[in-house]
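Q: Fold the following, please.
(2 chains)
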Amino acid sequence: EAGVTQFPSHSVIEKGQTVTLRCDPISGHDNLYWYRRVMGKEIKFLLHFVKESKQDESGMPNNRFLAERTGGTYSTLKVQPAELEDSGVYFCASSPGGEGEKNIQYFGAGTRLSVL
Amino acid sequence: QQQVKQSPQSLIVQKGGIPIINCAYENTAFDYFPWYQQFPGKGPALLIAIRPDVSEKKEGRFTISFNKSAKQFSLHIMDSQPGDSATYFCAASPNSGGSNYKLTFGKGTLLTVNP
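A: Now for the predicted structure:
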């Protein structure tokens, strides 16, 4: 079974440019989460989808960040325009949904975003 | 405000030693406490998890100890091996009564096990 896939693995962009990160969750997982780790800090929650609906986007830093989940399958996270403080590693995780073991979140390898 | 505090930031032990990583939380709504292990270039992978109805859980060489009254939990690695060298994250989330089980993470501990 394929795991959570993220790409690109690394993106280097200039301040002011736009970047789109993609996450393909494990097939059949209704829940999809985005997290971010800024250097030296903890991994922080950004938002949560259940199928194609945003369940919680309380962790989104500001309106330069836009997340979508087309048809409840893959998800994209767009940063427009990118700022220096957006640099970090963006993780995607998915889970089947439900309580107990069904809530285990499986993480992708992350996208390292460097804004210069 | 950091809701899950993790220490130490880094830890070096010799092979066979027992590294201990500690975490403390504040939010009493948390009732699921996983530990994730991350190797360079990989994403965090669930290592072991505990719920507050037990004080200890053991899986292989990894043990979680949980103190509900103190709101603290810790990871012990028995007979540590060089292959255990990785970054370890503690985390917490609510695990019932809703559908959003977003994880709140500690800052991570970089463990190095020397041969």
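Q: Pick out the residue of chain A closest to chain B.
A: Taking Cβ to the nearest Cβ, chain B has its nearest neighbour within chain A at A:Phe107, 3.6 Å off. (Each C-beta comes from the backbone N, C-alpha and C, glycine too.)
Q: which residues touch residue 87?
A: This is for chain A. A:Val38, A:Met39, A:Leu113, A:Ser114, A:Val115 (Cβ atoms under 8 Å, 6 or more residues apart in numbering or on different chains).
Q: wait, I meant chain B there
A: B:Gln37, B:Gln38, B:Phe39, B:Gly108, B:Thr109, B:Leu110, B:Leu111.
Q: Greatest separation within those: which pair is it?
A: Farthest pair in the contacts of B:Thr87 (Cβ to Cβ) is B:Phe39 and B:Thr109. Separation: 13.8 Å.
Q: More neighbours: which of those two?
A: B:Thr109 (22 against 13; other Cβ atoms under 10 Å in any protein chain shown).
Q: Look up how far B:Tyr36 lies from the more buried one.
A: To B:Tyr36, B:Thr109 is 11 Å away according to Cβ to Cβ, to the nearest Å.
Q: intersection of neighbour lists for these two?
A: Between them, B:Thr109 and B:Tyr36 share these contacting residues under Cβ under 8 Å, 6+ apart: B:Tyr88, B:Phe89.
Q: need the helix or strand of chain A with the lowest average pLDDT.
A: Ranked by mean pLDDT, DSSP states H and E, the weakest helix or strand in chain A is strand A:53-56, scoring a mean of 92.
Q: Identify the residue spatially nearest to the closest residue to chain A within chain B, adjacent ones excluded.
A: For chain B, the residue closest to chain A is B:Gly43, as judged by Cβ to the nearest Cβ, at 3.6 Å. The shortest distance from B:Gly43 to any non-neighbouring residue, by Cβ to Cβ, 6 or more residues apart in numbering or on different chains, is to A:Phe107 (3.6 Å).
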